[in-house]
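Novice: Provided below are the primary sequence and the corresponding predicted coordinates.
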Amino acid sequence: MGVQCGSSRTQLISDGSVVYAEALWDHVTMDDQELGFKAGDVIVVVDATNKEWWWGRIMDSEGWFPASFVRLRVNQDEPMDDYLAHLEEPQTGQEDRKCQGLFLGPGLPCKEQMRTNVINEIMSTERDYIKHLKDICEGYIKQCRKRTDMFTEEQLRTIFGNIEEIYRFQRKFLKGLEKKFKKEQPHLSEIGCCFLEHQTDFQIYSEYCNNHPNACVQLSKLMKVNKYVFFFEACRLLQKMIDISLDGFLLTPVQKICKYPLQLAELLKYTNPQHRDYKDVEAALNAMKNVARLINERKRRLENIDKIAQWQSSIEDWEGEDVLSRSSDLIFSGEMTKLSQPQAKSQQRMFFLFDHQMDLLRRDMLYYKGRMDMDHMEVIDVEDGKEKDFNISVKNTLKLRSLGGDEVHLLCAKKPEQKQRWLRAFADERRQVQHDRETGFSLTEVQKKQAMLNACKSHPAGKPKGFICSCHNTGEHNFLLSEV
């Protein structure tokens, strides 16, 4: 059984059928009425009458979630485990299999019919997607460029990103799929190689997804002015596009790149290992998972920058540049004792390790007390006993020394396991910096300014409210900031 349109989906639910959806990406929520999940989680859809928000269940948890964050499974009637095991057994004859109900449709075995369903979904959604991209490029961008009195090229680049480049690539990709698609016998189609051939081309989605939050901000500003509202609606009607707002159309590429791994996973599930397409589909799934994982991670990082900006706005006596000027991720935080040369005076401090830097705060109150540039520091594991640079006895200690050797700090944890956790955190920070360098991840000036602006708006009057970190009995701290 396949689920295609909204009406059939709602009918299935009202008839008591179980309808499954798979999460395209994480839905992080603090609202107890919403259902939180991670990319790849399977959700039972309980109510889908609302077009934008559905009610679903995962294990014992229920709540609302954005419909755009999930993909409905093509094959809702999953074969039983014993049936799947039976497929691997030596066949006793076609008649016996028919008697056991292993055939669906016009004489196709169940697994082959399931593969047909997935192949057909991939092809149909790909064609629909091309239509969406064409409508955006010809219906919106083309018309916007004619109105130089309303839009600058910079604005259009912010709103639409590199979607024209994506459109050109996707047309080429669809042509490759069409060549491999066997219309009369879809289950025999060999499309895995198409994904492998273009796996590096899919990386252009990183730029689009990275820019998407900027597009939303820019579009939101324009939509506060009536003439832009009327203009975009006129573009939609002129192009005879479906009744979806422009921001809905602009979300489509973000959804699409996250759908590919789910589609390929389902395709692999219903592809026999003996099928000529099996190895290519398996490799394609791994390749597209990596692309989607990178994009999902970037999305998480971009969502976190508002929290970082809010955290900074709560600190008393902040000095120097903003955290976001160099960093976008909190790696770890916790309390340690700090000793620095030449005084070697013991100071209790709260440490917040971000990528590229570590900020120090007073332990009793969140007052700013300095920062360390991790790009120019080396971390040294110090053995318990006499420390030669400071000429003191130490325990559970690590050393931070500048590459030039002119700056040395001792950081002492309360317990050995806390020291080990910090050593892992410093290693994670260096890996994060290297990974960002290799993948080209960075925050734009627009994203930084918007995050700091949002933080200021959250404290409109008077002194910012303080924030505290929730602590475990180990002395370690999570980046769960709560107002007090």
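Specialist: Sure, I can see it. Residues are numbered from 1 along each chain as shown.
Novice: chain center to the longest strand seen in the chain: distance?
Specialist: Longest strand in the chain, counting residues (DSSP state E): strand 330-340. For strand 330-340, the separation from the chain centroid amounts to 29 Å (computed by CA atoms, centre = their mean, to the nearest Å).
Novice: mind listing what's buried in the helix or strand following it?
Specialist: Reading on from strand 330-340 to the C-terminus, the next helix or strand found by DSSP states H and E is strand 347-354. Burial within strand 347-354, assessed by neighbour count using 16 or more other CB atoms under 10 Å, is assigned to 349-354. Using the backbone N, CA and C atoms, a C-beta is placed for each residue, glycine as well.
Novice: Pull up the pairing partners for strand 347-354, direction included.
Specialist: Using DSSP bridges, the neighbouring strands of strand 347-354 in the sheet come out as strand 330-340 (antiparallel), strand 357-362 (antiparallel).
Novice: What distance do you get for D359 to Y367?
Specialist: Per CB to CB, to the nearest Å, D359 is found 11 Å from Y367.
Novice: re the thing from before, dump the buried residues of strand 347-354 to a markdown table, plus pLDDT and distance to V323.
Specialist: Output for the buried residues of strand 347-354, formatted as a markdown table (pLDDT from 0 to 100; distance: CB to CB, whole Å):
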| residue | pLDDT | distance to V323 |
| --- | --- | --- |
| R349 | 93 | 16 |
| M350 | 93 | 14 |
| F351 | 95 | 13 |
| F352 | 94 | 8 |
| L353 | 96 | 11 |
| F354 | 96 | 6 |
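Novice: Can you tell me, leaving aside adjacent residues, what's nearest to Y228?
Specialist: L222 (4.2 Å; CB to CB, 6 or more residues apart in numbering).
Novice: That neighbour contacts F231, correct?
Specialist: No: assessed by CB atoms under 8 Å, L222 is found out of contact with F231, at 9.0 Å.
Novice: ok, and the closest non-adjacent residue to Q263?
Specialist: Among residues not flanking Q263 along the chain, I122 sits closest, at 5.5 Å (CB to CB, 6+ apart).
Novice: what separates the one you found from I163, distance-wise?
Specialist: From I122 across to I163, the span is 21 Å (CB to CB).
Novice: Please apply the same query to A427.
Specialist: Look at A427 and I163: by CB to CB, they are 38 Å apart.
Novice: With neighbour numbers in mind, choose between these two.
Specialist: Set side by side, A427 and I163 give different neighbour counts by other CB atoms under 10 Å, the larger being at I163 (23 against 12).
Novice: could I get the strands paired with strand 347-354 as a markdown table with mean neighbour count and mean pLDDT?
Specialist: A markdown table is the format used below for the strands paired with strand 347-354 (neighbours: other CB atoms under 10 Å; pLDDT from 0 to 100):
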| stretch | mean neighbour count | mean pLDDT |
| --- | --- | --- |
| strand 330-340 | 20 | 93 |
| strand 357-362 | 21 | 91 |
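Novice: In CSV: the ones you listed, plus distance to A309.
Specialist: Rendered in CSV, the data for the strands paired with strand 347-354 read as follows (distance: least, CB to CB, whole Å):
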stretch, distance to A309
strand 330-340, 12
strand 357-362, 13
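Novice: Which one of those strands lies nearest to T397?
Specialist: Across those, T397 has its closest neighbour in strand 330-340 (8.8 Å, CB to CB).
Novice: Look up the closest residue to I295, ignoring the ones flanking it.
Specialist: Of all residues not flanking I295 in the chain, C209 sits nearest, at 4.8 Å (CB to CB, 6+ apart).
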